[in-house]
Each structure stands twice: as C-alpha cells, then as structure tokens.
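Peer 1: Just need the structure, nothing else, for what follows:
(2 chains)
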There are 2 protein chains.
Amino acid sequence: MASLAFPQTNNHVSDHSTLSAPKFHFAGHGNLLRRCKSPRILRKRASYRAEGLIESAVDVPLLTGLEVIERLRAKREQLKVKQQFLAMYSSVLGGIVTDSAAMSIPLDDHMVHRGHGVFDTAAIMDGHLYELDQHLDRIHRSASMAKIRPPFDRETIRQILIRTVSVSQCRKGSLRYWLSAGPGDFQLSPSCCPESALYAVVIQDQSPLDSRGIKVITSSVPMKPPQFATMKSVNYLPNVLSKMDAEEVGAYAAIWLDDEGLVAEGPNMNVGFVTKERELLMPRFDKILSGCTAKRVLSLAEELVKEGKIKGIRVGDVMVEEGKGSEEMMLIGSGILVRSVIQWDDQVIGNGKEGPVAQALLNAILADMKSGPSSVRTPVPY
Amino acid sequence: MASLAFPQTNNHVSDHSTLSAPKFHFAGHGNLLRRCKSPRILRKRASYRAEGLIESAVDVPLLTGLEVIERLRAKREQLKVKQQFLAMYSSVLGGIVTDSAAMSIPLDDHMVHRGHGVFDTAAIMDGHLYELDQHLDRIHRSASMAKIRPPFDRETIRQILIRTVSVSQCRKGSLRYWLSAGPGDFQLSPSCCPESALYAVVIQDQSPLDSRGIKVITSSVPMKPPQFATMKSVNYLPNVLSKMDAEEVGAYAAIWLDDEGLVAEGPNMNVGFVTKERELLMPRFDKILSGCTAKRVLSLAEELVKEGKIKGIRVGDVMVEEGKGSEEMMLIGSGILVRSVIQWDDQVIGNGKEGPVAQALLNAILADMKSGPSSVRTPVPY
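Peer 2: Below you'll find the model as predicted:
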C-alpha cells in the first residue's frame, strides 16, 4: 500500500506525480522522501499547504486489487451486518461468489449512478422458491418499462437464479435479483452500456416471524406518478424517506395516498382492509405496484369466504375514512407476509388488536409457502 | 474455478451440496464425479432434469476473490468502454484504486439497491477543479434532503476529492462523487447501514468540445415532484427514460414542463433563452435542480449586458410559447457547458442556427474555467 498521506513535518513533503500508475508500490516513507528533489515542487507544496489544499489529517492510500478484497472483508467484519449474504451471481463476472467481500457491482453500472435498474425478490422456504415465476413475470414487465433488455432469456435467468440458491445452500431466506442497463460509462444515456446485467443475492433469514400489530402513518413524501409506481425500479428514495419518516415517530411504515386522495400502498408492501361489511378490500393496482403476495392473498382469501370468515373480496377505490374506520387493516408483501395494523395516524383500527382475518391470511400464506401447489413452489436442487 | 454446469450426460450429474463454502475448489470434474454416491440424489436430479429445473446450457462457475478481479479486468477490456476511469476513491475501502477492474461498490450499499445516494460533479480543466466548492455546497444540500449524514466533514471530503484527482494525474476531464447511506443489508430502512459512504471517480475527457446546434423535444416522461427535482439523487430513471425518448427520435434531450405547463429543465441540464426583447431568460430554480453552471452563466452574462450583446437577465416563469418563439435557446450544464438548441419539437428556434449569445456564453464559461478567479478554480497539487 502506498500511503498518500501528507505528513505534517516539512521533511515529509512528497512528490505524488508518480503515483498514477496502477498498483505502483512504494517500499515505505524512505522512498517518498527520496523523491522530494525539486525545490520548485517543495515551494509549490508549501504554497498549497498555506492555502489549505493539503490537509495532513486526510490519509488516502493507493490500493492494489488484492488489498481491495482484504479491506472489503475487514470492513464487512467491522460493520457486523446482521444479514448473512450466502451467494451472489453477477453476469458481469459470469459466475457466482460466496465470499461476501466480493459481492460488488461496478461503480459505472447504470443502475448504480442513474438508478437504471429494476429488481424483484422471491422467498426461500423449506428449500423451495416461493412464487418465483410470478416474480419473474413482474421483473420482466419492470425491465420492459425501464427499457432494459435482459442479458439472457427468461428461462436462462430462471436457471441462474435457481443455481445461485442451490450454491448458497440456503433453505430459508430470500433471493433478490436485479436487471440493470449494465456497466459502460457515467453518461446519462445508456447508449454506451454495451451489455445489460443480471445480479442476484441470496440472504439467509435469521429472524423469527413477528406478527405483532404495528402502527402506520400517512406519508408526507410525494408518491411516484403511476408510470414509476407500477415499475419496480431501484429508484426507491421516496420509499426510503417515507419509511424513515415513519420510523422517526415510532411507526412501522407510512401509507401513500394517490393524487385523488385514495389509499394507495405502503413503501414496499400493499395494504388490505376488512370493512365493516366484512369484505376483504384492497386498492386497485393501476397506480401502485402489482403485489405478488397481495394477489396470492386475494386468491387464498376465497377459502375464507367459503369458511364464512369474510363475506366477500373486493379490489377497488379505498377512501381514507373507510380505511381508518375498517374492522381490520393489514400490510401485505413478500417480506412482511401479512401483518396487522392496529393504528393509523391517531386512529385505532378496529379493537386495536391483531385481527383474526389477518391472522388467517398469514396462516394461509405460510401454508402455501410450505405446501402449496407446484405453480407457486419451485424446488431447488441442492 | 469450480464449474457448476450440469453437463448433459448422466455420468456427469454431480452433488453440489458441498459448494457453499467460500473459495471451495474442485480440482476438476473427476472430483465432481466421485461425489455422486447417493442413488437418492441421482434419482432426485433425474427428476429435476425432467422438470426442466436443471438446464445444462447454463454454466455458472463459482469464483474466488482473485478470479473476480481477473474477470472484471477481462470484461472491461472486452466491453471496450470509451471513457477512461483513472482513479476511484471509496470510503468503504478507505483508499484509492487506479485499476478500473477494482472500481466497484458493494451490492448491499443502500445507493445501489434503493437509490439512497446523492451525487455531484466538477470539471477538471488545466489541472484545476472548476466550481468545486459550489458543487460541494450542493451535494451537502442534496445529502441533507436525502437524510444522508456524510461520513466525513466538508473539508475532509474536499481534501479526499482533490487527492483523488491528484492521484489520477488527470488534467482535463471530470470528477464525479457520491454520498450514500452506505452498505449494510438489503432492507428498505437504512437503520442497519452503520456507516454512510463516499465514492469518487475521475474520468478522462477524450472528446473534443462539440458546439453544433442540437434538437430537443418535449418530454413525455412525468417530471419529478419539486422535493425530488431539487435534490441531485441517483434516482435518475425518469431522466434516463426522457433522454432515451429523445435519442430515439434523433434529438439530443427532452425538456420537462412543470405541473403548471411552464418550461422546467432538461434531464441533466438547465435551459436558457434569449427572448425577442434580447433578454437572457431562465426558469426559476424552485422546482428544478439548482444548476451550478447555469448560475455561473447568469453571473458571467452580466458582461454581455455591459457589452450590449443582451439587454438584461431574468429568472422567472417561461411559457412554452415564449421559449419556442425565442431568438435563441440553449442547454446549460457542467457536462454540456453551453450549447445552442436550433429546434424544439417542430419549431425551429430563431434562424435555425447556433446563436451568438450562446456562443458568447460558452466562450465566457471556457475562459472562466481556464483563467477565472480562485473562487471557481481549485488547483490540484499533482
């Protein structure tokens, strides 16, 4: 490692004009000192220092490729991140890595610096991928809307994802994957990004399912216009800020209202209600993300109608008053599954306790994940 | 490299349950074959193959950290990207790399998968950074709006950026830098991202300045709400799609109109006009990005007023009719500098040729970049 620090004593003033070559190594400070021959450079540096252009407190070493991997590994250990990333696939690499220090993406990828990427997920339960094909359908719709032509056909992508989970050996967790315009340059136009990219990561699930009722607030962050709300791109800053706003006041999430003031969605989940008429009610999907789990819940809820637990199922306009005055409210998504909302802003929902319909729907989804039909369960060949 | 391909002959069916350990190496296919002992696994695999779960055409090798670097380097050579990236700083690494294969960002960085990052730029001209402090002011405003607390104080960030340019040895090009919520996990909330991050890259400018007049269209992609339009985050998908729409019809960029139908901005540049009354006119900055170059142009234009080339300077509402009926129209930004627009949709602007005011402003900016005051020129100590 060649230290680029400018030590405070004048004796250590160094000439860095030779540092640009990749992987250039100094043996140590002795070398740095021997390079300071020119009085012109010394004068120039003294003048820079006087102007505050050289700040001795800033130590910025030049690193080799190997040092990069070492430092990334050390950083990951130092940060003590709770989530465990078991495997990552990258089409840029054309392979899978299981060393989390190597789970990176080129800085010049259009997804990184311009948000030109879409993503989707799938839960891993008992060695099966849940609703993989439904999520794959959606990422292809998202990619099309974002004008990203995937690097492989649908079946190849599917195989790569299954293979990545297989290598990870993960039997309970989640798979996340991205289609990106790919690396190229730092321009706004992707015209110099020669190949789109696929990335995927397998994350182990270590936390037990929490089904305690939660609080939500109404989001004050503007909602995305329908063209972007219906596309699962990585442009999630509004979603992040909405979530942070909620957490700052002790709530779990913030609910968006659409441009007509109707109930829309949460930052990364759908919302559902049980009305006073005991109907399961969800906002229509034309201005919000088409939730795979929400749609599956709508389908599984038919059993609850048969059992008499609810009287019907409806997808339509949801007024805020209707939502706040509902018997039950719930958040639905592939991460949260189904979770009771017991308070929205100052309004207690129903009797302020976790609702029986939300609980029944959670049980139905869990049963579906564990023993549903093959249309929603893809076995992973470990 | 341990190939994870499933070759087509049954003899090569392999057990991959041992592949999850980082950097696990098989010596070759012989090892793979010797691991196939269990008839149960062989039957399971045959059944998977019948269901199409194992696609022999998909070859996904497991890579070591070293192979990652080698493959990234090979990929970069293969892609033949025109832009040259001379140096990258990463606070996650705590150092600078000059090997473009190592210029990457952790996949779990909140900027990558949630767009939770802001960025800015500065041109490098004759060994000086142009308007570095103005751009630094803006990235700090953007970071604050995106609820990102920078990893270092302003002066340290400034020193790191200067140092990165110094190491790059670049004397003409551009510096791009990002403040991110940092790596952590893949959740929506950044609450498990322990440290925010700073990334910077130096790009060599190899293309000669092009000042030929360009065409623009009106954007059909919805504009961001003011909260997001005034913040330079990496949520640039609307900007990308707007730019792509323009390029598809042979235009250079698409112009956004705001919610009142007033002229707003381009996808990564401001717009300016010379009205029939020979005033330099720009839309106000309350719903659009506060352009550093645009603001500097407004200041430099005062000289043109003195010289009688224009009669005045105004920042205010710009109606589409006024814009389309202007004497001159121009795009202004740190990348494009000042460039004449000769046609907007079907409307030829002025006499359909590059305008004298745009040319004079371009000359003024170029002169300012080369010999402006120290408030806009930061010397780089190479």
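
Peer 1: which stretches of the stretch 51-200 of chain A form strands?
Peer 2: Here the stretch 51-200 of chain A has its strands, by DSSP state E, counting those that start in this stretch, at A:62-63, A:84-90, A:95-97, A:104-106, A:117-125, A:128-130, A:172-180, A:197-204.

Peer 1: Would you reformat those as TSV and include distance to chain B?
Peer 2: From N, CA and C alone the C-beta is placed, and that goes for glycine too. Supplementary listing: the strands of the stretch 51-200 of chain A in TSV, determined by distance: least, CB to the nearest CB, whole Å:
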stretch	distance to chain B
strand A:62-63	4
strand A:84-90	6
strand A:95-97	4
strand A:104-106	4
strand A:117-125	7
strand A:128-130	10
strand A:172-180	6
strand A:197-204	6
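
Peer 1: Quick check: next helix or strand after the host helix or strand of A:Ile342?
Peer 2: Using DSSP states H and E, the element containing A:Ile342 is strand A:337-344. For strand A:337-344, the following helix or strand on the C-terminal side (DSSP H and E) is strand A:347-348.

Peer 1: Which elements pack onto the next helix or strand after that following strand?
Peer 2: For strand A:347-348, the following helix or strand on the C-terminal side (DSSP H and E) is helix A:356-371. Contact partners of helix A:356-371 among helices and strands, from 3 or more CB pairs under 8 Å, 6 or more residues apart in numbering or on different chains; DSSP states H and E: strand A:117-125, strand A:128-130, strand A:270-274, helix A:292-306, strand A:328-333, strand A:337-344.

Peer 1: quick one on the thing from earlier: just the strands of the stretch 51-200 of chain A: most buried one?
Peer 2: Most buried of the strands of the stretch 51-200 of chain A, by mean neighbour count (mean count of other CB atoms under 10 Å in any protein chain shown): strand A:104-106, with a mean of 28.

Peer 1: shouldn't A:Leu198 be in contact with A:Asp153?
Peer 2: No: with contact defined as CB atoms under 8 Å, A:Leu198 does not count as touching A:Asp153 (11.3 Å).

Peer 1: what's around A:Val216, how many residues?
Peer 2: A count of nearby residues for A:Val216, using other CB atoms under 10 Å in any protein chain shown, gives 21.

Peer 1: I'd guessed it sits against A:Gly250; true?
Peer 2: No: using CB under 8 Å, A:Val216 makes no contact with A:Gly250, being 10.9 Å away.

Peer 1: Can you give the domain ranges for chain A?
Peer 2: The record's domain split for chain A, according to automatic domain parsing, is A:1-62, A:80-204, A:214-371.

Peer 1: Helix, strand, or coil at the closest residue to chain B within the stretch 251-382 of chain A?
Peer 2: Among the residues of the stretch 251-382 of chain A, A:Pro381 lies nearest to chain B; the distance is 4.4 Å by CB to the nearest CB. Each residue gets one of three states, and A:Pro381 gets coil by DSSP: H, G, I helix; E, B strand; the rest coil.

Peer 1: Give me the neighbour count for it.
Peer 2: Using other CB under 10 Å, A:Pro381 has 21 neighbouring residues.

Peer 1: Thought A:Gln159 was touching it, still the case?
Peer 2: No: judged on CB under 8 Å, A:Pro381 makes no contact with A:Gln159 at a distance of 10.6 Å.

Peer 1: Show me the contact partners of stretch A:247-265.
Peer 2: Stretch A:247-265 has contacts (CB atoms under 8 Å, 6 or more residues apart in numbering or on different chains) with A:214-221, A:223, A:229, A:242-243, A:245-246, A:266-267, A:269, A:271, A:283, A:287-289, A:291, A:317-320, A:323, A:331, A:339, A:341, A:344, B:189, B:191.

Peer 1: and that stretch, which residues are buried?
Peer 2: Across stretch A:247-265, burial judged by 16 or more other CB atoms under 10 Å in any protein chain shown covers A:251-258, A:262-265.

Peer 1: With mean pLDDT and distance to A:Leu62 as extra columns, can I get the helices and strands packed on helix A:356-371 in JSON lines?
Peer 2: Compiled in JSON lines, these are given as follows (pLDDT from 0 to 100; distance: least, CB to CB, whole Å):
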{"stretch": "strand A:117-125", "mean pLDDT": "98", "distance to A:Leu62": "30"}
{"stretch": "strand A:128-130", "mean pLDDT": "98", "distance to A:Leu62": "43"}
{"stretch": "strand A:270-274", "mean pLDDT": "98", "distance to A:Leu62": "49"}
{"stretch": "helix A:292-306", "mean pLDDT": "98", "distance to A:Leu62": "46"}
{"stretch": "strand A:328-333", "mean pLDDT": "98", "distance to A:Leu62": "44"}
{"stretch": "strand A:337-344", "mean pLDDT": "98", "distance to A:Leu62": "48"}
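
Peer 1: Return the set of buried residues in stretch A:279-289.
Peer 2: Under 16+ other CB under 10 Å, the buried positions of stretch A:279-289 are A:279-283, A:285, A:287-289.

Peer 1: In strands, which of these fall?
Peer 2: Using DSSP state E, the subset of these located in strands is A:279-282.

Peer 1: quick one: which two of these are the most distant?
Peer 2: Of all pairs drawn from those, the greatest distance, 10.2 Å, lies between A:Glu279 and A:Met282 (CB to CB).

Peer 1: Identify the contacts common to the two.
Peer 2: Residues touching both A:Glu279 and A:Met282 by CB under 8 Å, 6+ apart: A:Arg314.

Peer 1: where in the stretch 201-350 of chain A is pLDDT low?
Peer 2: When residues are selected by pLDDT under 70, none of them lie in the stretch 201-350 of chain A.

Peer 1: Would you mind listing what in it touches chain B?
Peer 2: Counting by CB under 8 Å from any CB of the partner chain, the residues of the stretch 201-350 of chain A close to chain B are A:201, A:203, A:221-222, A:225, A:227-228, A:233-241, A:243-244, A:247, A:267-268.

Peer 1: check contacts around the nearest residue to A:Lys276 once chain neighbours are set aside.
Peer 2: Distances taken as CB to CB, 6 or more residues apart in numbering or on different chains put A:Glu327 closest to A:Lys276, at 6.1 Å, once the chain neighbours are dropped. Neighbour list for A:Glu327: A:273-276, A:278, A:349-350, A:355, A:357 [criterion: CB under 8 Å, 6+ apart].

Peer 1: Determine which two of those are furthest apart.
Peer 2: A:Arg278 and A:Ile349 (14.6 Å).

Peer 1: of these two, who's got more company?
Peer 2: A side-by-side neighbour count of A:Arg278 and A:Ile349, using other CB under 10 Å, places A:Ile349 first with 25 against 15.

Peer 1: Now do the same contact list for the residue nearest to that one when sequence neighbours are not counted.
Peer 2: Leaving out its chain neighbours, the residue that sits closest to A:Ile349 by CB to CB, 6+ apart is A:Met329, at 4.6 Å. Shown in contact with A:Met329 (CB under 8 Å, 6+ apart): A:216, A:271-274, A:323, A:340-341, A:344, A:349-350, A:355.

Peer 1: Recalculate using a threshold of 6 Å.
Peer 2: By CB atoms under 6 Å, 6 or more residues apart in numbering or on different chains, A:Met329 lies in contact with A:273, A:341, A:349.

Peer 1: Output the strand holding A:Ile342 as CSV, restricted to C-alpha atoms.
Peer 2: Once non-C-alpha atoms are left out, strand A:337-344 reads as follows in CSV (Å, rounded to 0.1, in the frame of the first residue of the first chain):
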residue,chain,number,x,y,z
LEU,A,337,-46.2,-11.5,4.5
VAL,A,338,-49.4,-10.4,6.3
ARG,A,339,-49.2,-8.2,9.3
SER,A,340,-52.0,-6.5,11.3
VAL,A,341,-52.1,-2.7,11.5
ILE,A,342,-53.6,-1.6,14.8
GLN,A,343,-53.3,2.1,14.5
TRP,A,344,-53.2,4.6,11.5
